[in-house]
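Participant: Structure of the sequence below:
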Amino acid sequence: MAYRASVVANELLKLAREDGSSLDPMKLQKLVYLAHGWSLLFLHRPLIQEKIKAWKYGPVIPELYDEFREFRASPITRDARGHDEGCTLDPAACKLIRKVWNTYRDQTAMQLSVMTHEPGYAWDLTQKIARPWEDPTIEDGLILDEFQRRMQLNQALR
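Facilitator: I've put the predicted structure just below:
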């Protein structure tokens, strides 16, 4: 089952609070992207329902961008509004999101951004074929390929 990106974001925000840390919108975007990619590889399914766009400055889930844009580069101080309060993540999704958090929590938003901009991976390839006026979507097949290669390079979750 794929979830709304806001549900995944709220889980990551909860984990950050439990660790006594915080997330800014850019780091949250990157963590949701990473969780989605690892889900495609390990769970064999998309984690989020929304399309991921190849914006100029990296992979972005526009719905999350709009939800947290008010925070700019500051820590997010609330959960996403309007997500399904009754929606709970299945145990496999919860475990995967926790692994993503444990693996990447110590990296800065900029470090995660550099990782998601690597040449030859999904965002880069999508940017290269997009026309200037397009709002290109990063296809799940490209994201899966990226995470298969990350796995081969021993960049998997801890």
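
Participant: Test my guess that residue 13 contacts residue 76.
Facilitator: Yes - Residue 13 is within contact range of residue 76, at 6.3 Å (criterion: C-beta atoms under 8 Å). In short, each C-beta sits where N, CA and C put it, glycine included.

Participant: could you pull out the helices for this structure?
Facilitator: If DSSP state H is used as the criterion, the helices of the chain fall at 5-18, 25-42, 62-68, 91-104, 109-116, 122-129, 140-152.

Participant: With respect to burial, which of the ones you listed scores highest?
Facilitator: helix 25-42 (a mean of 24; mean count of other C-beta atoms under 10 Å).

Participant: Common neighbours of residue 13 and residue 76, please.
Facilitator: 23, 28 (C-beta atoms under 8 Å, 6 or more residues apart in numbering).

Participant: still on that earlier bit, kindly reformat the helices of the chain as a markdown table and extend each row with mean pLDDT.
Facilitator: Formatted as a markdown table, those follow (pLDDT from 0 to 100):
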| stretch | mean pLDDT |
| --- | --- |
| helix 5-18 | 97 |
| helix 25-42 | 98 |
| helix 62-68 | 97 |
| helix 91-104 | 98 |
| helix 109-116 | 96 |
| helix 122-129 | 96 |
| helix 140-152 | 97 |
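
Participant: want to throw those into TSV with distance to residue 50?
Facilitator: Shown next, in TSV, are the helices of the chain (distance: least, C-beta to C-beta, whole Å):
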stretch	distance to residue 50
helix 5-18	5
helix 25-42	9
helix 62-68	5
helix 91-104	15
helix 109-116	16
helix 122-129	15
helix 140-152	12
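
Participant: Of all these, which one comes closest to residue 81?
Facilitator: Nearest to residue 81 among the helices of the chain is helix 62-68; the distance by C-beta to C-beta comes to 7.0 Å.

Participant: what's the closest one in contact with?
Facilitator: 4-6, 9, 25, 28-29, 32, 50, 53, 76, 80-81.

Participant: Looking at those, which one is closest to residue 127?
Facilitator: Residue 127 lies nearest to residue 53 out of those, by C-beta to C-beta, at 10.6 Å.
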